[in-house]
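> just a sequence and a predicted model for now, questions to come.
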Amino acid sequence: MADEKDSGADALKSECESLISSSSYGAALSKSLGAIAGNPGPNTKKAATEVTVRAMENIKADDIGKFIDSADEHTLDAAMKCVVSGMAQKKSPNYANLLVWHGKITDKAGIGCIMRAMCTKDKFEK
């Protein structure tokens, strides 16, 4: 029996992939991180994490700060979880951007966001 929280995983991934393809990285991040912060089921969380990491890898470094400045604490925690997940995958084509994200999120949210990302019960899929 499918979990209600996972019913939109394919639609979310498709919508975010479309936004990424049109270079609307900020919109894709808002959509995918919003889904993660909303306590989704495992399939939706995995799909949202994948597209979030793709958007993070592709967004221009200048735009990272703008996105982070407008984000709340829950969004920043979800973003840090995705950064950690992306770094753990060992197949990221742009680790440099993930490191920039890591630094800027930490600057705004503090060291605690790293611990919350790494010590959370709901680990993200690799």
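It's in. Just so you know, these numbers come straight off a predicted model, no measurement behind them. Residues are numbered from 1 along each chain as shown.

> for residue 23, give me phi and psi.
phi 60, psi 30 (degrees, to the nearest 10).

> that one: how many residues sit nearby?
Neighbours of residue 23 under the rule other Cβ atoms under 10 Å: 13. Bear in mind the C-beta positions are built from the backbone N, C-alpha and C, glycine included.

> for it, list the residues it contacts.
Each residue near residue 23 by Cβ atoms under 8 Å, 6 or more residues apart in numbering is listed here: residue 58.

> rerun at 10 Å
55, 58-60 (Cβ atoms under 10 Å, 6 or more residues apart in numbering).

> swap in residue 57?
20, 25, 86, 92-98, 101.

> how about the secondary structure of it?
For residue 57, the secondary structure call by DSSP: H, G, I helix; E, B strand; the rest coil comes out as helix.

> begin at 12, not 1, for the rest of this chat.
Fine by me, first position is 12 from now on; the one you just mentioned is residue 68.

> quick revisit: which one (most neighbours) among the contacts of residue 68?
residue 97 (26 neighbours).

> just to check, that one is in contact with residue 106?
Yes: counting by Cβ atoms under 10 Å, residue 97 touches residue 106, with 8.2 Å between them.

> give me the common contacts of the two.
Contacts common to residue 97 and residue 106, judged by Cβ under 10 Å, 6+ apart, are 68, 113.

> which stretches in the chain count as helices?
Applying DSSP state H to the chain gives helices spanning 20-32, 36-48, 53-69, 72-80, 84-99, 106-120, 123-130.

> what's the angle from the last one to helix 84-99?
Pointing back at helix 123-130 there. Inter-element angle recorded for helix 123-130 and helix 84-99: 60 degrees (by axes from the mean of the first three to the mean of the last three Cα atoms, to 10 degrees).

> now do helix 123-130 against helix 106-120, angle only.
120 degrees.

> can you give me how far helix 123-130 is from the chain middle?
14 Å (Cα atoms, centre = their mean, to the nearest Å).

> ok, now the fifth one?
On the basis of Cα atoms, centre = their mean, the separation between the geometric centre of helix 84-99 and that of its chain is 5 Å.
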